[in-house]
Each structure stands twice: as C-alpha cells, then as structure tokens.
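# Dropping a prediction and its sequence here:
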Amino acid sequence: TLAKLELAEAETKALARFPEENPNPVMRLSPNRTVLYANSAARAVPGMTRPGMRAATDIGQAASQAFISGGSALITFETGARAFGLTAAAVPGENYINIYGREITEERRAQAQIMAQEKMASLGQLTAGIAHEIKNPLNFVNNFAKLSNELLEDLTAEVDRVKDAVDDDAREEIVAIVGD
C-alpha cells in the first residue's frame, strides 16, 4: 500500500512534467485572460507572456472565444520572424482555457516559396505563348520571302535561257519587269 502510494506519486510527478517537456508552447489562461501556466517553450517566445500576466491580445481574444463557446478557437500568433499556430481549447467543467501551439514559420516559408515558383511557371507559360504568337507571323513572312527569292531565281534563269529568242524591245521589257 505504501509502495502503491509511492508509485502513484511518481506517476503523478511524471505526468506533471509532461507539459514542461513539450517542445511546443503550452499555456493555461483564466477566463479574464491571465496566464495561469506557461511551459518553457511558451515563455521563450517573445510576446506570449508569463504566468500572472495578461495574455497577448490576439491570444486572449481566442481564449475568450473558446471559453464563451465551450469549444476551441484557432489563431496565428506572429512575433518577429516567427509564426505559431495556436489552438485555444475550453476544458468542460473547468474555469480555464488551454492553449496548444506549434511553430509554423517553416511551413509559411515553404508555402511562400511554392507560390513564387508557381508564379514563375505561369510567367514562363505566358512568355512562351507570347513568343509563339509573335513567331508565327514572322515565320509566314520569312517563308514567303524565301519562296519569292526562289521564284525570282527561276524566272531570271528562264529569262537568261530565252533572251536570245526574243527581240530587243521584248527583252528590255522583260528585264524591266524582273528588275522591279
């Protein structure tokens, strides 16, 4: 019985350490937004405040909303270059709200990078489309010019072949037409 009591006490102490060992922010707030508990991860975040102080405005508002609704509220808390996703959860039958958080800074950076890559891909597709639309008429003009040069060469060769067979007036007229 004493051994069972000591074992229960050891288990209780181990469970009591659980929030403090959590690498993510954990807080407990009263209904008036006073911080009742903040683990070391929460205390290390500037602006999340310390026990006995009022919670930051946005955290306190989420806690009040959860307390009033009896449910939970999600918020994003930003401090400096860091961002945290926080869940304020009312505990049924208790006069406090628990706040559970996790850092989402890297997720946000990854999302921003993906968005930038998608914009670049869209810009590349748009540029390719514009280049294609410009290139099509240019190809037509180039192809027509090549064909015209080939026809002119054929016509010049034909004139050279038959120039002795026509009289001087006809030859001058043919040279004037081909020369234009």
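Perfect, thanks for sending it.

# my read: Gly47 touches Arg82, true?
No: between Gly47 and Arg82 there is no contact under C-beta atoms under 8 Å: 9.7 Å. Quick note: C-beta positions are derived from backbone N, CA and C, even for glycine.

# Can you identify each of the strands in the protein by residue range?
For the chain, the strands defined by DSSP state E cover 26-29, 35-38, 72-79, 82-90, 97-103.

# List just the one of those strands that sits closest to Asn142.
Closest to Asn142 of those is strand 82-90 (C-beta to C-beta; 55.0 Å).

# so what secondary structure elements neighbour the closest one?
Counting contacts by 3 or more C-beta pairs under 8 Å, 6 or more residues apart in numbering; DSSP states H and E, strand 82-90 packs against helix 57-69, strand 72-79, strand 97-103, helix 105-162.

# Paired strands for the second one, with orientation please.
Using DSSP bridges, the strands paired with strand 72-79 in its sheet are strand 82-90 (antiparallel).

# what distance separates the strand it pairs with from the centre of its chain?
Here the centre of strand 82-90 is set off from its chain's centre by 21 Å, with C-alpha atoms, centre = their mean, to the nearest Å.

# can you tell me the average pLDDT over it?
For strand 82-90, mean pLDDT rounds to 90.

# For that strand, C-alpha coordinates in PDB please.
The C-alpha coordinates for strand 82-90 follow below in PDB (Å, rounded to 0.1, in the frame of the first residue of the first chain):
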ATOM      1  CA  ARG A  82       8.400  33.500 -36.200                       C
ATOM      2  CA  ALA A  83       4.800  32.300 -36.500                       C
ATOM      3  CA  PHE A  84       2.800  29.900 -34.400                       C
ATOM      4  CA  GLY A  85      -0.400  28.100 -34.900                       C
ATOM      5  CA  LEU A  86      -2.300  28.100 -31.600                       C
ATOM      6  CA  THR A  87      -5.400  26.300 -30.500                       C
ATOM      7  CA  ALA A  88      -7.400  27.700 -27.600                       C
ATOM      8  CA  ALA A  89      -9.500  24.900 -26.100                       C
ATOM      9  CA  ALA A  90     -12.000  25.300 -23.300                       C
END
